[in-house]
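Peer 1: structure here, sequence nowhere to be found:
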């Protein structure tokens, strides 16, 4: 058997012999009872040995055996009383026995009075026992009795004054020191007790508040994350019993990675942060978003994390819904602004499809315009698709676009791969799984179809998504109509400009002609010799040619008499 085991057994035996009964509840009383039992055992052992030696060395003192037996019996009685509720009676008997023993020795022991006065030293033991087992008042009474008993020796002529004085000073100083020690001890004990009582009250108040509070509360061990305690609100919220929660680790509730949870706990215990938002899993498996306020507090001589938890799932959902609605309205407003801005229709339709795909979290999208005369739709936007489907033509009733163009009704297809009206052109690749489709309607007529697509996704489109897409479809229809009207307006303006240009040209020609006619009626530069006229460009022209070009007059040619006479005199003379 090892020394450690032996010491452990002796320690257990000692604790068993000195442990007070359970009916003594107050800590101070239990300490006093345990101390009295320990002193009784020690005095019983040591006193028996000393008494044997005393009886053996004083054979002439016939009362010694009787005194020794009385002391042993008294100490045994004191020990037995220390194990009961009447331990204070045992302590009183022990002190009285010490004082009685001193008196008996002084009165009956052989030898001189000076030698017998050595027994007065045991009065100090009585005072010490009183200070250990009773309060300062009892100690003062025992000390006063001891001092009074010692002063009686001043009246005995066989005892010198100096001897009595020395014993008296020793007892007074010892009593004063013990009383002062008791007073100091009581002061600190009282202060400690008050602090302890206040702490107990605070802990009781905290425990009551913790247990009955409507908010979810947990006490968590910072290092390991073990849940130390939980209140009734936590039981109701998480769906676990309190005993179950107290066997769990916070990582079993918190859905973040364990290392991240540990990092956040360390920040909380270091008071670097006390506000967190975590996803917590309930016993039902449901994930709830919680707001956690966590701070370190002292509890039962250790530091723990006190966490107050609020369920903000609905608030977060409302916040996300509000943000989504804000984004939707912003996108719709921006789309309206884009519609009114002068930009190509293809660019505008691409912007509309891209915005809709972003808001609806679609992987891709597209837009078809109808060709009513041919009963078909043509793809004009192919956004983020696996292939560029721009220019793809579908007949009415063919595929999602043809179906919506024909029916004029929006459509949700959860699994296009199993849908009966699939378009054959997409059969080989099957690039999408879920389709959201809405018609572009203007004044009761379908002008196009807008698509939102998801490929290989478990998340389906909802009716709310379809409603939002219908809004974008309305905007797209407006954009198409605006583009048509803008095109017609531009064509009309172009034709008007051409007509205006033609009118301006004719006016210019007319003005030029009028200017020329005016000049013909004015001064004309004519050659005095050949009678040719100089035109605006400086060329000399025959009079007939100039007049024909600058007037509506026509000429017939003949010969005047003078010219006939000069040119053909023979003919002129014959005529005469």
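Peer 2: Yep, that arrived. Small disclaimer: the values here were computed from a predicted structure and weren't measured. Numbering: from 1, shown residues only.
Peer 1: packing partners of whatever helix or strand residue 144 lives in?
Peer 2: Taking DSSP states H and E as the definition, one finds residue 144 inside helix 136-151. Applying 3 or more Cβ pairs under 8 Å, 6 or more residues apart in numbering; DSSP states H and E, one finds that helix 136-151 contacts helix 87-108, helix 121-133, helix 161-212. From N, CA and C alone the C-beta is placed, and that goes for glycine too.
Peer 1: what about residue 455, neighbour count?
Peer 2: By other Cβ atoms under 10 Å, 15 other residues sit near residue 455.
Peer 1: quick one, what contacts it?
Peer 2: 363-364, 386, 431-433 (Cβ atoms under 8 Å, 6 or more residues apart in numbering).
Peer 1: buried members of the residues you listed into PyMOL, please.
Peer 2: Those of the contacts of residue 455 that count as buried under 16 or more other Cβ atoms under 10 Å are selected in PyMOL with:
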select buried, resi 363+364+431+432+433
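Peer 1: tell me, how many residues neighbour residue 163?
Peer 2: So residue 163, with other Cβ under 10 Å, has 14 neighbours.
Peer 1: burial count for residue 527?
Peer 2: The tally of other residues near residue 527 (other Cβ under 10 Å) stands at 11.
Peer 1: ok now the helix or strand containing residue 8, how far from the chain's centre?
Peer 2: Residue 8 belongs to helix 3-18 when elements are defined using DSSP H and E. In terms of Cα atoms, centre = their mean, to the nearest Å, the centre of helix 3-18 is set 54 Å apart from its chain centre.
Peer 1: show me what counts as buried in it.
Peer 2: residue 18.
Peer 1: now it: average pLDDT?
Peer 2: Per-region confidence: helix 3-18 scores 80 on mean pLDDT.
Peer 1: next secondary structure after that helix?
Peer 2: Using DSSP H and E, the first helix or strand after helix 3-18 is helix 27-57.
Peer 1: how about that following helix, which residues are buried there?
Peer 2: Those would be 30, 32-37, 39-41, 43-44, 47, 51, 54-55, for helix 27-57 by 16+ other Cβ under 10 Å.
Peer 1: buried ones in the next helix-or-strand element following that helix, by neighbour count?
Peer 2: Next along the chain after helix 27-57, taking DSSP H and E as the criterion, comes helix 64-82. Neighbour counts over helix 64-82 (16+ other Cβ under 10 Å) mark 64, 67-68, 71, 74-75, 77-79, 81-82 as buried.
Peer 1: how about stretch 241-250?
Peer 2: The neighbour-count check on stretch 241-250 (16+ other Cβ under 10 Å) flags 245, 248, 250 as buried.
Peer 1: just say which of the helices and strands packed on helix 136-151 is most tucked in.
Peer 2: Among those, the stretch with the highest mean neighbour count (mean count of other Cβ atoms under 10 Å) is helix 121-133, at a mean of 21.
Peer 1: hmm, back to that, okay, who's weakest in the buried residues of helix 27-57 by pLDDT?
Peer 2: Within the buried residues of helix 27-57, lowest confidence goes to residue 54 (69).
Peer 1: just to revisit the earlier point, where's the dip in pLDDT among the contacts of residue 455?
Peer 2: The member of the contacts of residue 455 with the lowest pLDDT is residue 431, at 59.
Peer 1: poorly predicted segments of the stretch 201-350 of the chain, please.
Peer 2: In the predicted model, the stretch 201-350 of the chain carries pLDDT under 70 at residues 328-329, 331-342.
Peer 1: elements contacting the helix or strand encompassing residue 276?
Peer 2: Assigned by DSSP H and E, residue 276 belongs to strand 275-281. Contact analysis of strand 275-281 by 3+ Cβ pairs under 8 Å, 6+ apart lists strand 287-299 as its packing neighbours.
Peer 1: hmm, who's touching the strand it packs on?
Peer 2: Contacts for strand 287-299 (Cβ under 8 Å, 6+ apart): 203, 216, 219-220, 222, 255, 265, 268-269, 271, 274-282, 303-313, 316.
Peer 1: the helix holding residue 8 to helix 64-82, inter-axis angle?
Peer 2: 90 degrees (axes from the mean of the first three to the mean of the last three Cα atoms, to 10 degrees).
Peer 1: make residue 1 into 896 and carry on from there
Peer 2: Will do, 896 is the new start, and the previous item becomes helix 898-913.
Peer 1: show me what helix 898-913 is packed against.
Peer 2: Going by 3+ Cβ pairs under 8 Å, 6+ apart, helix 898-913 lies up against helix 922-952.
Peer 1: and the helix it packs on, what does it pack against?
Peer 2: helix 898-913, helix 959-977, helix 982-1003, helix 1016-1028.
Peer 1: out of those helices, nearest to residue 1406?
Peer 2: Of all those, helix 898-913 sits nearest to residue 1406, with 132.2 Å by Cβ to Cβ.
Peer 1: returning to what we had before: nearest to residue 1068 among the helices and strands packed on helix 922-952 would be which one?
Peer 2: That would be, of the helices and strands packed on helix 922-952 and by Cβ to Cβ, helix 1016-1028, which comes in at 9.9 Å.
Peer 1: circling back to that earlier point, so what touches the helix holding residue 903?
Peer 2: Applying Cβ under 8 Å, 6+ apart, the set of residues contacting helix 898-913 is 929, 932-933, 936.
Peer 1: quick check: the residue nearest to the spatial centre of the chain vs residue 1016, distance?
Peer 2: By Cα atoms, centre = their mean, the chain has its centre lying nearest to residue 1172, at 1.9 Å. Here residue 1172 is placed at a distance of 74 Å from residue 1016 (Cβ to Cβ, to the nearest Å).
Peer 1: ok, back up a step: any chance of the contacts of residue 1350 in a markdown table, plus secondary structure and distance to residue 1243?
Peer 2: Output for the contacts of residue 1350, formatted as a markdown table (DSSP: H, G, I helix; E, B strand; the rest coil; distance: Cβ to Cβ, whole Å):
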| residue | secondary structure | distance to residue 1243 |
| --- | --- | --- |
| 1258 | coil | 22 |
| 1259 | strand | 19 |
| 1281 | coil | 24 |
| 1326 | coil | 25 |
| 1327 | coil | 24 |
| 1328 | coil | 28 |
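Peer 1: JSON lines please, covering the contacts of residue 1350 and showing distance to residue 1104.
Peer 2: Converted to JSON lines, the contacts of residue 1350 look like this (distance: Cβ to Cβ, whole Å):
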{"residue": "1258", "distance to residue 1104": "52"}
{"residue": "1259", "distance to residue 1104": "56"}
{"residue": "1281", "distance to residue 1104": "61"}
{"residue": "1326", "distance to residue 1104": "61"}
{"residue": "1327", "distance to residue 1104": "57"}
{"residue": "1328", "distance to residue 1104": "54"}
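Peer 1: need the max-distance pair from the contacts of residue 1350.
Peer 2: 1281 and 1328 (12.0 Å).
Peer 1: re the thing from before, so which of the buried residues of stretch 1136-1145 belong to helices?
Peer 2: residue 1140 (DSSP state H).
Peer 1: the stretch 1246-1395 of the chain: helices as residue ranges?
Peer 2: 1294-1302, 1358-1415 (DSSP state H, counting those that start in this stretch).
Peer 1: what's whichever helix or strand comes after the last one packed up against?
Peer 2: This means helix 1358-1415. Next helix or strand after helix 1358-1415 toward the C-terminus (DSSP H and E): strand 1428-1429. The contact analysis (3+ Cβ pairs under 8 Å, 6+ apart) places strand 1428-1429 against strand 1435-1436.
Peer 1: need the residues that contact the strand it packs on.
Peer 2: In contact with strand 1435-1436 (Cβ under 8 Å, 6+ apart) are residues 1422, 1427-1430, 1444.
Peer 1: and the residues you listed, which of them are buried?
Peer 2: Buried among these by 16+ other Cβ under 10 Å: 1427-1428, 1430.
Peer 1: what sits against the residue lying closest to residue 1273 once chain neighbours are set aside?
Peer 2: Distances taken as Cβ to Cβ, 6 or more residues apart in numbering place residue 1288 nearest to residue 1273, at 5.2 Å, with adjacent residues excluded. By Cβ under 8 Å, 6+ apart, residue 1288 lies in contact with 1271-1274.
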